[in-house]
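Asks: 3D model of this:
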Amino acid sequence: MNILHKKIKFVIALFLNFNTYQVMADNSPKKYKKDTTNLSQFQRYVIEEGGTEPAFDNIYWDNKKEGIYVDAASNQPLFSSNDKFDSKTGWPSFTKPIEDNVVYTKNDYSHGMNRVEVRSNVADSHLGHLFNDGPRERGGLRYCINSASLRFIEKDSLEKEGYKEYEKLFKK
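Replies: The predicted structure is shown next:
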């Protein structure tokens, strides 16, 4: 599915309240499994109960290092620093997931709002929300993600941490 089709489905889901922008298949070579035993109570609150951390008071909102962001509950790769941008919102923001099949979205009507929630497809972790106010030149989407849902792996540690296949993202 190309980016134009994804954007069209997103707009339909956002404005017509259909849950059509979902990608559930996990075709990644590794098998990831949910494990929240080593997470903090706050991380479990965000991931399992759909919580939100404070803006500008979270670990990755201004992280400028190169690497990948993985699901804190399953270690499934979710986002690359190559797709991160400063949205001025106080949360880590990305233009797209690291691969098409790692997240899915669904409508979120909590707090009296109509938003599009982003969840990881392996652990079903609440990650954050998807908005259509991202950089136009990079597709126009903003994945606004809670740092508490993520773990960052620096590019120099990718092989050691078992993510060697993602080193290619940072070759000059």
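
Asks: now do the buried residues in stretch 112-127.
Replies: Residues of stretch 112-127 classed as buried by neighbour count (16 or more other C-beta atoms under 10 Å): Arg115, Val116, Glu117, Val118, Arg119, Ser120, Asn121, Val122, Ala123, Ser125, His126, Leu127. Heads up, the C-betas are built off the backbone N, CA and C, glycines and all.

Asks: one more: stretch 32-45?
Replies: Within stretch 32-45, the residues scored as buried using 16+ other C-beta under 10 Å are Tyr32, Lys34, Leu39, Gln43, Arg44, Tyr45.

Asks: could I get the pLDDT score of the residue nearest to the third one when sequence neighbours are not counted?
Replies: Okay, so that is Leu39. Among residues not flanking Leu39 along the chain, Ala72 sits closest, at 6.0 Å (C-beta to C-beta, 6 or more residues apart in numbering). Note for Ala72: predicted pLDDT of 97.

Asks: quick check: Trp91 vs Leu158, distance?
Replies: Using C-beta to C-beta, to the nearest Å, one obtains 24 Å as the distance from Trp91 to Leu158.

Asks: same question, Trp61
Replies: 22 Å.

Asks: how about Ala123, secondary structure?
Replies: Assigned with DSSP: H, G, I helix; E, B strand; the rest coil, Ala123 falls in the coil class.

Asks: my bad, should have said Ile47
Replies: Classified using three-state DSSP, Ile47 is helix.

Asks: so it makes contact with Ala148?
Replies: Yes: Ile47 lies in contact with Ala148 (C-beta atoms under 8 Å); the separation is 7.2 Å.

Asks: tell me which of these two has more neighbours.
Replies: The neighbour comparison of Ile47 against Ala148 (other C-beta atoms under 10 Å) goes to Ile47, with 27 against 24.
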